[in-house]
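Visitor: Pasting the sequence and the predicted model now:
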Amino acid sequence: MLSVVDLSFSYGEVQALRNISLDVPSATIVSVMGRNGVGKTTLMKNIVGTLRSTAGIIQLDGQSIEKKPAHQRVLAGIGYVPQGRMIFPKLTVEENLRVGLSGSLKRKLVPDEVLDLFPILRQMRDRMGGDLSGGQQQQLAIGRALVTDPKILILDEPTEGIQPNIIQQIGQVLTQLVEQRQMTILIVEQYLDFVREFCQHFYIMNRGEIVANAETEGLTQEIIREYLSV
Ligand SMILES: Nc1ncnc2c1ncn2[C@@H]1O[C@H](COP(=O)(O)OP(=O)(O)O)[C@@H](O)[C@H]1O
Ligand SMILES: [Mg+2]
């Protein structure tokens, strides 16, 4: 569904991604893991188009998108939940959700399904984004990425700093999206229990490269010791 082939990227002189290749099959949840600073966020930004790769191919359903600007990739079916959530604190929940719609031609209203997935957003519709808890803001960020009805949802560390009951809820919503709407999900995640419970496949990055990938059952203690533990 999403296929990245030999992608490289540099910040000026500093090469941050080297020959990254990865595949995210349709209707699965695939994780990208690795310590801080290895290039996970840089990879996600290259896929969504806020950074432009220096070399390589990014295909969505067989169509190359690596030359398209970010807003066209939204139209092509990419939804993005950035690291740190990036909620507008002085906009209401409703207004934050509408920001997501600006990327879409086909929709003018926040779809009911998004509010059904996260009932808290319906309850808090008129509250300021800045008044929400971290977990509620994360749900809002995911909701905002879903208003355009993407084919693939890309999330960058959605469980960072969030309490366990909300983490479970997020994992269940993602699973529901896959099972009921055949959504495809690529998720940067450091929390091992989340990966084991909700993801089918993992990739591990180290210093800008993919160094391991397997079905989630193959996430061994050796891999964890070598590439993930601090
Ligand atoms: N805007 C930037 N300019 C220069 N270097 C950057 C920039 N953003 C990130 N980097 C560097 O690129 C590397 C990868 O960063 P990042 O993709 O944020 O890693 P991760 O998400 O895995 O923590 C790091 O060494 C980081 O310092
Ligand atoms: Mg990051």
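Guide: Done, it's in. No experiment lies behind these values; they were computed from the predicted model shown. Ligands and ions are numbered 1, 2, ... in the order given.

Visitor: The protein against ligand 1: which residues are in contact?
Guide: 11, 14, 16, 34, 36-42 (CB under 6 Å from any ligand atom). Using the backbone N, CA and C atoms, a C-beta is placed for each residue, glycine as well.

Visitor: can you put those in CSV and add secondary structure, distance to E113 and neighbour count?
Guide: Converted to CSV, the residues of the chain next to ligand 1 look like this (DSSP: H, G, I helix; E, B strand; the rest coil; distance: CB to CB, whole Å; neighbours: other CB atoms under 10 Å):
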residue, secondary structure, distance to E113, neighbour count
Y11, strand, 38, 10
V14, strand, 42, 8
A16, strand, 36, 21
G34, coil, 33, 23
N36, coil, 35, 8
G37, coil, 37, 11
V38, coil, 35, 21
G39, coil, 34, 22
K40, helix, 29, 23
T41, helix, 28, 19
T42, helix, 32, 19
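
Visitor: Can you tell me which of those residues is closest to ligand 2?
Guide: T41 (3.2 Å; CB to the ion).

Visitor: separation between that closest one and P158?
Guide: Distance of T41 to P158, computed by CB to CB, to the nearest Å: 13 Å.

Visitor: Equivalent analysis for I187, please.
Guide: On the measure of CB to CB, I187 and P158 end up 7 Å apart.

Visitor: which ones are touching the nearest residue to A70 once chain neighbours are set aside?
Guide: Nearest non-adjacent residue to A70, counting by CB to CB, 6 or more residues apart in numbering: G49, 3.6 Å away. Going by CB atoms under 8 Å, 6 or more residues apart in numbering, G49 touches 65, 68-70, 72-73, 78.

Visitor: one more time with 7 Å, if that's ok
Guide: Shown in contact with G49 (CB atoms under 7 Å, 6 or more residues apart in numbering): 68-70, 73.

Visitor: Closest to ligand 1 out of these?
Guide: A70 (15.8 Å; CB to the nearest ligand atom).

Visitor: show me where this protein has strands.
Guide: 2-11, 14-24, 29-33, 55-60, 63-64, 78-81, 152-156, 184-188, 201-206, 209-215 (DSSP state E).

Visitor: still on that earlier bit, please list which of the residues of the chain next to ligand 1 also come close to ligand 2.
Guide: 40-41 (CB under 5 Å from the ion).

Visitor: export the residues of the chain next to ligand 1 to a markdown table and tack on pLDDT?
Guide: A markdown table is the format used below for the residues of the chain next to ligand 1 (pLDDT from 0 to 100):
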| residue | pLDDT |
| --- | --- |
| Y11 | 96 |
| V14 | 95 |
| A16 | 97 |
| G34 | 97 |
| N36 | 96 |
| G37 | 97 |
| V38 | 98 |
| G39 | 98 |
| K40 | 98 |
| T41 | 98 |
| T42 | 98 |
